[in-house]
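Enquirer: Just to be clear, the model below is a prediction. Sequence and coordinates:
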Amino acid sequence: MKANVINYAVAFFIILLLNFLLPRLMPGDPLMAIYGEETLLSMTQEHKSQLADSFGLDKPLWKQFFIYLYNLARGDMGYSHYHNTPVLKVIISYLPWTLLLMGTALILSTVFGIIAGIESGWRRGKSLDKVLLTSMMSLSGFPSFFIGIIFLLTFSVTLGILPLQGAKTAYSELSGFALFLDVVKHLILPLASLALVFVSGSYLLTRNTMVTILKESFILTAKAKGLRDRKIRYKHAGRNSMLPVITQTGIGFGTRLITGALFIEVVFSYPGMGNLIYNSLLMRDYPVLQGSLLMITVLVLGINLTVDLLYRKLDPRVGNAR
Amino acid sequence: MHVRLLIKIKEDIFGKLGLVLMALFIFSALILPFIFHDTESHSQTIFGPPSSGHILGTNDVGQDIFSRLIHGTRTSVFVAVGAGFLSTLISTFVGVSAGIIGGIYDKILMRLVDALLVIPTIVILILTASYINPGVWVLTLLISLLYWQGGARVIRSQTLSLKERMHISAARTFGAGRWYIIFRHIIPDLGPILVVSFIHRARMAVFMEAGLAFIGIADPLMISWGMMMHHALKFYYLPVWKWWLIPPGVALSLLIISFAFLGYSLEKVLEPRLRNA
């Protein structure tokens, strides 16, 4: 438990250090690396020296690091000259969309994966199992962004039944239920792509556990008692098959989720963190890039820690294992 | 752990499919680029549809798409093999040495591994790549350095268990030294696990290379499937996506699927409870 929190602290520190060191160790003017070339060219000499001062760029590296930490602690992640807004504010306006996309995809894929896994494992070797297994295996090969591209080309470009990009219709003064519908319509395709990427993981795990659990003697007992198939399938075997889905998706789960979301947002120009990163890469808006990556680190570490603690609660064996 | 891997894999339908696909990709990565070598010259027609001269038409600057697709295979296979090999090498070194030496060395390394396991590695990749726009070599190195931790844990625990086995104790009583035991007994016994690890890392590496190229932070001169998709997606409103955007996507998916199939059938061989599943 304690050791665990230390892991997360170490992980966070590594990212902080990289975020601080990389731009400052790049050859050339560190201000250039921190702010990007284009922004710097438009600055006056006075503004530049003022900025260099605020980062303490003339001081030794370790002092600069403390200045960096101090600014972060105050919530000051710098200023985006491209957005003409403080970085933190930019990030906060993009973050909710990523959370919405990731959250819904997580729920959908887990529920479907577990149900499909239970049914498939129960019917092992039958035709439904074979079809499900083959399609899920193939699905796990498709890179997230290519699934997104196929959906985009099919439903938005060719059929024209779903919106091409964004999270809601621009400049429309929708409110209430109409706004909700509009948001859902824009969410469907990115959500479907992301959920499809993750469904195979929870499906395969559930199916494999189902296969081993069905051989256990308590299943035989349940059958001997004359319980109905459905009850055995879900109450006895199914419930026990769910555990590894949570435990095994636990480690590094947040990372996989965010990686998928980042790429898919780029495909659909969905205004979340992925798109923000993509645009700041294009615009060389380095302050926003570094801020976003830091925010994602915090987010992912948070998710991973939660899953970690949660599964210790669900499976007491894990807590005692170390 | 002495399983005849290749024979077992060939008995499995997923394994067979994976092997065939893999062979196809390796063939086209090694041989075909010499036949379709013209990736750069600009023809008169841009966005040309498929024709006898250009099997998959031409792109926005009139380059032959099919040649670029073939050369993209080379990039992907190189990254797969390179990063798969290198990261497995790192995880073997860390895992075996931690398992054998133990003590404080083991503790420190495993703490680092645990920290790396929870870190969003994509963040480090994007951050580094945005500053250096890596080419194939640097990208392979970067990916290897960031994706060895999962394998290291598995290899370490396997080493710990192997260390106590009978045949190793027997070798020790015959006077075998530490290095002899590591290279003649432990590493060969780890064989199947190393193969699985290699396949998983290779698959991850192919995906990461394509993903980074897709969001446009790899070396712009590199010819890669991800890069092709990056450029092609900008012209989604033209019919050109049929021969420019879809083919690299399909190729990429097939390559990753072949790794996934191979990995799955290998795991089935190594996990007897799942056999005949």
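Expert: Structure's in. What do you need?

Enquirer: Contact partners for residue B:105?
Expert: Contacts for residue B:105 were tallied using C-beta atoms under 8 Å, 6 or more residues apart in numbering or on different chains; they are B:97-98. In this view, the C-beta of every residue, glycine as well, is placed from N, C-alpha and C.

Enquirer: go on, residue A:63?
Expert: The contact partners of residue A:63, by C-beta under 8 Å, 6+ apart, come to residue A:56.

Enquirer: pLDDT on the helix or strand hosting it, on average?
Expert: With elements taken from DSSP states H and E, the one containing residue A:63 is helix A:61-73. Taken as a whole, helix A:61-73 has a mean pLDDT of 81.

Enquirer: could you point out which element follows that helix?
Expert: strand A:79-80.

Enquirer: Which elements pack onto that following strand?
Expert: Contacts of strand A:79-80 with other secondary structure elements, assessed using 3 or more C-beta pairs under 8 Å, 6 or more residues apart in numbering or on different chains; DSSP states H and E, are made with strand A:85-86, helix A:87-122, helix A:286-314.

Enquirer: who's in contact with that strand?
Expert: Defining contact as C-beta under 8 Å, 6+ apart, one finds that strand A:79-80 is touched by A:85-87, A:90, A:285, A:287-288.

Enquirer: Residue A:283 against residue A:82, yeah?
Expert: Yes. Distance between residue A:283 and residue A:82: 5.1 Å, which falls inside the contact criterion (C-beta atoms under 8 Å).

Enquirer: Just give me the neighbour total for the residue in the stretch 51-200 of chain A positioned nearest to chain B.
Expert: Of all residues in the stretch 51-200 of chain A, residue A:141 sits closest to chain B, with a separation of 3.0 Å (C-beta to the nearest C-beta). Here the neighbour count serves as a burial measure; for residue A:141 (other C-beta atoms under 10 Å in any protein chain shown) it reads 21.

Enquirer: remind me which residues of chain A are low pLDDT?
Expert: Applying pLDDT under 70 to chain A flags residues A:1-3, A:26-30, A:32-33, A:36-41, A:170-172, A:246-252, A:311, A:314-322.

Enquirer: residues from the stretch 201-322 of chain A in reach of chain B?
Expert: A:204, A:208, A:211-212, A:251-252, A:254-255, A:258-259, A:262-263, A:266-267, A:277-278, A:281-282, A:286, A:289-290, A:293, A:296-297, A:300-301, A:304-305, A:308 (C-beta under 8 Å from any C-beta of the partner chain).

Enquirer: Tabulate the helices and strands packed on strand A:79-80 (a markdown table), appending mean neighbour count.
Expert: Rendered in a markdown table, the data for the helices and strands packed on strand A:79-80 read as follows (neighbours: other C-beta atoms under 10 Å in any protein chain shown):
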| stretch | mean neighbour count |
| --- | --- |
| strand A:85-86 | 16 |
| helix A:87-122 | 19 |
| helix A:286-314 | 20 |
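
Enquirer: who wins for proximity to residue B:74 among the ones you listed?
Expert: helix A:286-314 (30.6 Å; C-beta to C-beta).

Enquirer: which element follows the helix or strand encompassing residue B:207 toward the C-terminus?
Expert: Taking DSSP H and E as the criterion, the element that holds residue B:207 is helix B:187-214. Elements were assigned by DSSP H and E; along the chain past helix B:187-214, the next helix or strand is helix B:225-232.

Enquirer: Mind giving me the packing neighbours of the helix or strand following that following helix?
Expert: For helix B:225-232, the succeeding helix or strand toward the C-terminus, using DSSP H and E, is helix B:241-244. In this structure, helix B:241-244 makes packing contacts with helix B:225-232, judged by 3+ C-beta pairs under 8 Å, 6+ apart.

Enquirer: residues touching residue B:226, list them.
Expert: Taking C-beta under 8 Å, 6+ apart as the definition of contact, the neighbours of residue B:226 are B:209-214, B:218, B:248, B:252.

Enquirer: any idea how far the nearest residue to it once chain neighbours are set aside lies from residue B:134?
Expert: Residue nearest to residue B:226 in three dimensions, not counting chain neighbours: residue B:213, with 3.0 Å by C-beta to C-beta, 6 or more residues apart in numbering or on different chains. The gap separating residue B:213 from residue B:134 is 10 Å, by C-beta to C-beta, to the nearest Å.

Enquirer: where's residue A:130 relative to residue A:136, distance?
Expert: Taking C-beta to C-beta as the measure, residue A:130 falls 11 Å from residue A:136.

Enquirer: Those two: which is more packed in?
Expert: A count of neighbours by other C-beta under 10 Å puts residue A:136 above the other of residue A:130 and residue A:136, at 21 against 14.

Enquirer: In contact with the more buried one, which residues?
Expert: A:116, A:199-200, A:203-204.

Enquirer: what about 10 Å?
Expert: Contact partners of residue A:136, counting by C-beta atoms under 10 Å, 6 or more residues apart in numbering or on different chains, are A:113, A:116-117, A:120, A:196, A:199-204, A:207.

Enquirer: Show me the residue at the heart of chain B, geometrically.
Expert: Central residue check for chain B by C-alpha atoms, centre = their mean: the C-alpha nearest the mean position is that of residue B:202, 1.4 Å away.

Enquirer: Could I get the full set of helices for chain B?
Expert: Taking DSSP state H as the criterion, chain B carries its helices at B:5-11, B:13-30, B:32-35, B:65-101, B:103-118, B:121-132, B:136-146, B:149-163, B:166-173, B:178-181, B:187-214, B:225-232, B:241-244, B:246-270.

Enquirer: which residues are in contact with the third one?
Expert: It refers to helix B:32-35. Contacts with helix B:32-35, where a contact means C-beta under 10 Å, 6+ apart, come from B:28, B:39, B:66-67, B:69-74, B:223.

Enquirer: List the buried residues in it.
Expert: B:32-33 (16 or more other C-beta atoms under 10 Å in any protein chain shown).

Enquirer: How far away from the center of its chain is it?
Expert: 22 Å (C-alpha atoms, centre = their mean, to the nearest Å).

Enquirer: avg pLDDT for that helix?
Expert: Mean per-residue pLDDT for helix B:32-35: 75.
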